[in-house]
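Participant: Test case, fold it:
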Amino acid sequence: MAEIIIVKNAEAAGELAAEAILRLVARKPDAVLGVATGSTPLSTYQALARTVQAENLDLSAVRGFALDEYVGIPVEHPESYRSVITREVVEPLGLTPSLVHVPNGRLDGIQHAGDEYEAAIRAAGGVDLQILGIGRTGHIGFNEPGSSLASLTRTKTLTEQTRIDNARFFDSIDDVPTHCITQGLGTILRAEHLVLLAFGEAKADAVAAAVEGAVTSSQPGSVIQLHAHATVIVDEAAASKLAFADYYRQSWETRFDWEVI
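Facilitator: So this is what the prediction gives:
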């Protein structure tokens, strides 16, 4: 099963995730990170940026692949995931822009964009550590309920709930795209290490279904149960529906000194 770590708040979770990333980069300077967007991973990126700046670390050789992108939105739009990742990840961490890839969401050539992205990930040697959030529908990436557990990068139609959740980033829900291109669940499972973060009571049902429920396409996040090295870091509110929360706390508190995420 996944390792479940329950922490006080998003800031504590971000520190743990950042430590895992920095350990990876220390032993592999050109590590491949899978980067997510949205509010959930911000505490991780902020913790990374603080350490990079305080210790004058050089992450310029680190490579990256975004989980997803909206279809039909210009790359220069402030809410395109290319823009978001540039603003929240590449610039604060001093990454090399040309080494950080985002799926091509342009309508021109969209039918081939998934295969091209899969080829680029394979050519890079695969993702070493994939950061994940989880939506209230249970989606990871933009793999909405019903997504094949073996799916690869492809276009998807966004659920109305996902569009409502993402409307806060736009002027209105009418401006939220209806389609996306996303790494598939099968693509995500190929990463060496999955780090899933979730905060707040609104995510509690999705977290419980992902880590303690049945593995099913109706709850796409449950696919992490099939991964050999998955770490789930949640705050108390997101952990509130977990049946075995006390055991997860005990396991983390009594871990060996050499055990890190």
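Participant: contact partners of the lowest-mean-pLDDT helix or strand in the chain?
Facilitator: The weakest-scoring helix or strand in the chain, judged by mean pLDDT, DSSP states H and E, is helix 160-166 (a mean of 92). If you take Cβ atoms under 8 Å, 6 or more residues apart in numbering as the criterion, helix 160-166 is touched by 135, 136, 137, 139, 142, 144, 158, 173, 176, 178. No exception for glycine: its C-beta is placed from N, CA and C like everyone else's.
Participant: same question, stretch 78-87
Facilitator: Stretch 78-87 has contacts (Cβ under 8 Å, 6+ apart) with 35, 37, 64, 66, 68-70, 73-77, 97, 100, 102, 105, 169-170.
Participant: which regions of the protein lie under the pLDDT threshold?
Facilitator: Within the chain, not a single segment meets pLDDT under 70.
Participant: ok, now with 90
Facilitator: Scanning the chain for pLDDT under 90 picks out the ranges 1.
Participant: Strands of the stretch 101-250 of the chain, residue ranges please.
Facilitator: 129-132, 154-157, 179-182, 193-198, 230-235 (DSSP state E, counting those that start in this stretch).
Participant: re the thing from before, let me have the contacts of helix 160-166 in a markdown table, extended by distance to residue 29 and neighbour count.
Facilitator: Shown next, in a markdown table, are the contacts of helix 160-166 (distance: Cβ to Cβ, whole Å; neighbours: other Cβ atoms under 10 Å):
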| residue | distance to residue 29 | neighbour count |
| --- | --- | --- |
| 135 | 33 | 26 |
| 136 | 37 | 16 |
| 137 | 37 | 19 |
| 139 | 32 | 26 |
| 142 | 30 | 28 |
| 144 | 36 | 21 |
| 158 | 36 | 23 |
| 173 | 42 | 13 |
| 176 | 38 | 21 |
| 178 | 40 | 11 |
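Participant: The residues you listed into CSV, with extra columns for distance to residue 254?
Facilitator: Shown next, in CSV, are those (distance: Cβ to Cβ, whole Å):
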residue, distance to residue 254
135, 32
136, 32
137, 35
139, 33
142, 37
144, 38
158, 42
173, 47
176, 45
178, 48
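Participant: Nearest to residue 47, out of those: which one, please.
Facilitator: Nearest to residue 47, judged by Cβ to Cβ, of the contacts of helix 160-166 is residue 135 at 22.6 Å.
Participant: of all the contacts of helix 160-166, which comes closest to residue 112?
Facilitator: Closest to residue 112, out of all of those and judged by Cβ to Cβ, is residue 142, at 18.4 Å.
Participant: how far away is that closest one from residue 125?
Facilitator: Distance of residue 142 to residue 125, given as Cβ to Cβ, to the nearest Å: 24 Å.
Participant: Would you confirm that residue 61 contacts residue 29?
Facilitator: Yes - taking Cβ atoms under 8 Å as the definition, residue 61 is a contact partner of residue 29 at 4.7 Å.
Participant: Filter the contacts of stretch 78-87 down to just the buried residues.
Facilitator: By neighbour count, with 16 or more other Cβ atoms under 10 Å, the contacts of stretch 78-87 hold 35, 37, 64, 66, 68, 69, 70, 73, 100, 102, 105, 170 as buried.
Participant: Which two among those residues are spaced furthest apart?
Facilitator: Taking Cβ to Cβ, no two of these sit farther apart than 64 and 170, at 24.4 Å.
Participant: just checking, residue 51 is part of a helix?
Facilitator: Yes - membership of residue 51 in a helix is supported by DSSP: H, G, I helix; E, B strand; the rest coil.
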